[in-house]
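[1] sequence first, then the predicted structure:
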Amino acid sequence: MAEKMELKSTEVWDGNYAAAQALRQAQVDVVAAYPITPSTPIVETYGSFVANGYIDGEFVMVESEHAAMSGCVGAAAAGGRVATATSSQGFMLMIEVLYQASGMRLPIVLNVVNRAIASPLNVRGDHGDMYAGRDSGWVQLDAFNAQEAYDLNLCAFKIGEDINVRLPVMVHQDGFVTSHTAQNVHPLSDDEAYAFIGDYKPVDEMLDFSKPVTYGAQTEEDWHYEHKAKQHRALMDSYVVIDRVFEAFEKKTGRKYKRLETYMMEDAEVAILALGTTVETSILAAKQLREEEGIKAGVVAPRVIRPFPLNELRAALAGIKCVAALDRSCPMGAMGALYNETCGALATIPAEQRPLVTNFIYGLGGRDFAVDEAKRIFREQKGHADVGHITTHVQQFSGLRGPKLGFYESKRS
Amino acid sequence: MIEIRWHSRAGQGAVTGAKGLGDVVSTTGKQVQAFALYGSAKRGAAMRAYNRIDDEPIINHEKFMLPDYVLVIDPALAFTDNITENDKGTTQYIITTHLSKDELIAQIPELQDKKERVHVVDCIQISLDEIGRAIPNAPMLGALVKVSGMFELDYFLDSMKRVLAKFPQKIIDGNMRAITRAYNEVQ
């Protein structure tokens, strides 16, 4: 029987420690891990919890991230509750197995502490790894601070393990800016947290010898397509369960999560659309601009990246005048992914309700995103809104040294 | 909002100091943030740590800061690092040094128009004497408590005992003496 840990109602935790505590409270059966900055403290802390008797589970040290996720797949197929953590290059090495996990419908929880991808080598945060996971068939939840990294980990088990979902779930947090920044965190007690998540109920577990099953079979053209379509549908339909889990979490804690978070959008004329800690910094900028300059600024942020909240996004943006989609990942030869998905959503509403949409690439490799820069972007969008067209390049680089870099002009006739 | 910037070398305990301070401040019902900029820096490399303290939840995640307090826990960094960066005109400086305040200011031109905002304390010597190792973070917190008036010393000592609870009693006692000495000796 695992020992319980006494927690205070207010702890000062960084995002990594908050995630490790949530994994402990979930009483994960198997963590197979290979450490990588900045996610290392999650599995390091978890390992110490196991060694000190706070978890009835196995900590498996492996030789690579590919092996880590492979170990997770094996343990999940065997019938265990499974989790791990990674970042950046480690995430890239895991990618092949991420698709295996989702295709086999194994509810693994993966903490991705977002970090830039080499080359050049860089340990600091951007969203390159998070973006690389977006076609992998996992539910992707995005935390904007340490509290949310804790909360969303608890929700992740409950979402992924639901019989109507049975999919793996990533919980993203920003490398260093969240993972290594200590803030006030209000944890649940061990008993409350475990009761919220509930016991794991395995489905078709390989260790049930009375009912032999096969995982990861070959299908070729006769069934592959149907399997993938079914998997896509499961992910698309998982929003029902996500909403239900967020509702239950709010009842338990008072902390409300939505698949698409909106801030000050009721009367907004211009908006920033972003992910991660940038969301909160932008909220602060919007508040200041409303007070200081009367600019009706708002912020929109996908809490759930997959399944993408397309309905909610077009509802939130319909009728506003200009929105800047901020991508913290270099799209290399295209517009940013958040920009593209936003424009796709907006293409399905009447033209007169569509805002102008611009794209900013920013914050690569941990480049600071400052409140003043968020305010500058809001003001620029207000400028576009006032004249009714985009007066800059459609894609710009925010916070880049050297000459201004921009691509594409808007076409007005 | 109170903002604090630590100048330190990796391994001197600025991150632990910033987190410890955040921990204590949170017990007064305030919101705190503690973070560092060090990336893959090696032990001994110059690095910075930061605190924000406010009554409202802190949603500002930028690294840019106009500090209310600058804490320099390595003596050489007062000379080699840009410790007056983003000075806001009221920024208070607490600098670890074996020099007197006048001797130190005489050697650092940037401090000469900020004399009344500069405070000195020898955190290295204090930690060597009281803890037995050059870990200047705890005494710096004692000096900050004095200069800022943020806490009563006794309240701070009691709270730090809780933060340090995982350490042997000898270490805790040493830290308590170091904090108290710096509180009394900072000028």
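    Yep, it's here. Not measured: the values here are computed from a predicted model.

[2] so which residue of the stretch 1-150 of chain A comes closest to chain B?
    A:Val12 (4.5 Å; C-beta to the nearest C-beta). Every C-beta, even on glycine, is put in place using the N, C-alpha and C of the backbone.

[3] so that residue is in which element?
    Taking DSSP states H and E as the definition, one finds A:Val12 inside strand A:11-13.

[4] pLDDT weak spots in the stretch 1-150 of chain A?
    Scanning the stretch 1-150 of chain A for pLDDT under 70 picks out no residues.

[5] give the bridge partners for the residue of the stretch 1-150 of chain A closest to chain B, please.
    A:Asn184 (DSSP bridges).

[6] which residues touch A:Leu188?
    Counting by C-beta atoms under 8 Å, 6 or more residues apart in numbering or on different chains, A:Leu188 touches A:25, A:154, A:196, A:252-253.

[7] can you pull out the helices in the chain?
    Since no chain was named, I'll use chain A. For chain A, applying DSSP state H gives helices covering A:15-25, A:40-51, A:65-78, A:88-103, A:128-132, A:146-160, A:190-197, A:220-237, A:239-253, A:277-293, A:310-317, A:337-346, A:371-387.

[8] sorry, I should have been clearer: chain B.
    Using DSSP H, helices in chain B cover B:14-26, B:77-80, B:101-107, B:123-130, B:137-148, B:153-163, B:169-185.

[9] if you count neighbours, what's buried in the first one?
    By neighbour count, with 16 or more other C-beta atoms under 10 Å in any protein chain shown as the criterion, the buried positions of helix B:14-26 are B:14-26.

[10] circling back to that earlier point, among the helices of chain B, which is nearest chain A?
    Of all the helices of chain B, helix B:14-26 comes closest under C-beta to the nearest C-beta, at 4.5 Å.

[11] contact partners of that closest one?
    Taking C-beta under 8 Å, 6+ apart as the rule, helix B:14-26 contacts A:10-12, A:14, A:182-184, B:4, B:6-8, B:32-36, B:38, B:47-51, B:53, B:71, B:73, B:137-138, B:140-141, B:144, B:150-151, B:156, B:159-160, B:163-164.

[12] and chain B, which residues reach chain A?
    B:18-19, B:22-23, B:26-27, B:31-36, B:39-40, B:57-64 (C-beta under 8 Å from any C-beta of the partner chain).

[13] if we use 6 Å, what do you get?
    Listed as neighbours of chain A in chain B under the rule C-beta under 6 Å from any C-beta of the partner chain: B:19, B:22-23, B:26, B:31, B:33-35, B:39-40, B:59-64.

[14] please indicate which of the residues you listed has the highest neighbour count?
    B:Ala34 (29 neighbours; other C-beta atoms under 10 Å in any protein chain shown).

[15] identify the residue nearest residue 96 in space, chain neighbours excluded?
    Since you didn't name a chain, this refers to chain A. Nearest residue to A:Glu96 in three dimensions, chain neighbours excluded: A:His66, at 6.8 Å (C-beta to C-beta, 6 or more residues apart in numbering or on different chains).

[16] ah, no, chain B please
    Closest to B:Thr96 by C-beta to C-beta, 6+ apart is B:Cys123, at 4.1 Å.

[17] how many other residues sit next to the one you found?
    33.

[18] so it touches B:Gly142, yeah?
    No - B:Cys123 sits out of contact with B:Gly142 when judged by C-beta atoms under 6 Å, with a separation of 8.6 Å.

[19] next, count neighbours for residue 52.
    This is for chain A. 11.

[20] that answer is for a different chain, and I need it for chain B
    Count around B:Arg52 with other C-beta under 10 Å applied: 22.

[21] chain B contacts on the stretch 251-400 of chain A?
    A:277, A:280-281, A:283-284, A:368, A:370-371.

[22] the same query, at a cut-off of 10 Å, please.
    Contact residues (C-beta under 10 Å from any C-beta of the partner chain) of the stretch 251-400 of chain A with chain B: A:263, A:276-285, A:287, A:365-374.

[23] give me the buried entries from those.
    By 16+ other C-beta under 10 Å, those give A:263, A:276-285, A:287, A:365-367, A:369-371, A:373-374 as buried.

[24] now do the buried residues in stretch A:81-95.
    A:81-95.

[25] before we move on, what about stretch A:343-359?
    Buried-residue list, stretch A:343-359, by 16+ other C-beta under 10 Å: A:345-346, A:354-359.

[26] could you export that stretch as CSV, CA atoms only?
    What follows is stretch A:343-359, C-alpha atoms only, in CSV (Å, rounded to 0.1, in the frame of the first residue of the first chain):
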residue,chain,number,x,y,z
CYS,A,343,-8.6,30.4,-41.4
GLY,A,344,-10.0,27.0,-42.2
ALA,A,345,-12.6,27.4,-39.4
LEU,A,346,-13.4,30.9,-40.5
ALA,A,347,-13.9,29.9,-44.1
THR,A,348,-17.0,28.0,-43.0
ILE,A,349,-18.9,31.1,-41.8
PRO,A,350,-20.5,34.0,-43.8
ALA,A,351,-17.9,36.3,-45.3
GLU,A,352,-19.3,39.4,-43.6
GLN,A,353,-18.6,37.9,-40.2
ARG,A,354,-15.0,36.9,-40.9
PRO,A,355,-12.3,38.9,-39.2
LEU,A,356,-9.0,39.8,-40.9
VAL,A,357,-6.4,37.2,-39.8
THR,A,358,-2.7,37.8,-39.5
ASN,A,359,0.1,35.4,-38.5
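
[27] tell me the mean pLDDT for it?
    Throughout stretch A:343-359, pLDDT has a mean value of 97.

[28] so how far is it from its chain's centroid?
    24 Å (C-alpha atoms, centre = their mean, to the nearest Å).

[29] now the contacts of A:Leu188: which count as buried?
    For these, buried by 16+ other C-beta under 10 Å: A:25, A:154, A:196, A:253.

[30] out of these, the closest to chain B would be?
    Nearest member of the buried ones among the contacts of A:Leu188 to chain B, counting by C-beta to the nearest C-beta, is A:Thr253, at 14.9 Å.

[31] list the contacts of A:Gln381.
    Shown in contact with A:Gln381 (C-beta atoms under 10 Å, 6 or more residues apart in numbering or on different chains): A:269-272, A:295, A:297, A:320-324, A:355-358, A:390, A:392.

[32] if I look at it, how far off is B:Phe64?
    As judged by C-beta to C-beta, to the nearest Å, A:Gln381 and B:Phe64 stand 22 Å apart.

[33] same question, A:Val171
    From A:Val171 to B:Phe64 the distance is 28 Å (C-beta to C-beta).

[34] next one: A:Ala32
    Going from A:Ala32 to B:Phe64 by C-beta to C-beta gives 39 Å.

[35] and B:Arg9, by the same measure?
    22 Å.

[36] you'd agree A:Ala83 is up against A:Asn111?
    Yes - the criterion here is C-beta atoms under 10 Å, and A:Ala83 meets it with A:Asn111 at 7.3 Å.

[37] intersection of neighbour lists for those two?
    A:19, A:22-23, A:33, A:42-43, A:46, A:153, A:156, A:169, A:171.

[38] pLDDT wise, what is the nearest residue to A:Val213 once chain neighbours are set aside at?
    Among residues not flanking A:Val213 along the chain, A:Asp204 sits closest, at 4.7 Å (C-beta to C-beta, 6+ apart). pLDDT, A:Asp204: 94.

[39] got it, and B:Ala165?
    pLDDT, B:Ala165: 88.

[40] now do the residue nearest to it when sequence neighbours are not counted against B:Glu130, distance only.
    Closest residue in space to B:Ala165, ignoring its immediate chain neighbours: B:Ile172 at 7.7 Å, by C-beta to C-beta, 6+ apart. As judged by C-beta to C-beta, B:Ile172 and B:Glu130 stand 11 Å apart.

[41] how about a markdown table for the buried residues of stretch A:343-359, with distance to A:Leu405 added?
    Listed next are those as a markdown table, based on distance: C-beta to C-beta, whole Å:
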| residue | distance to A:Leu405 |
| --- | --- |
| A:Ala345 | 26 |
| A:Leu346 | 25 |
| A:Arg354 | 26 |
| A:Pro355 | 24 |
| A:Leu356 | 20 |
| A:Val357 | 19 |
| A:Thr358 | 14 |
| A:Asn359 | 12 |
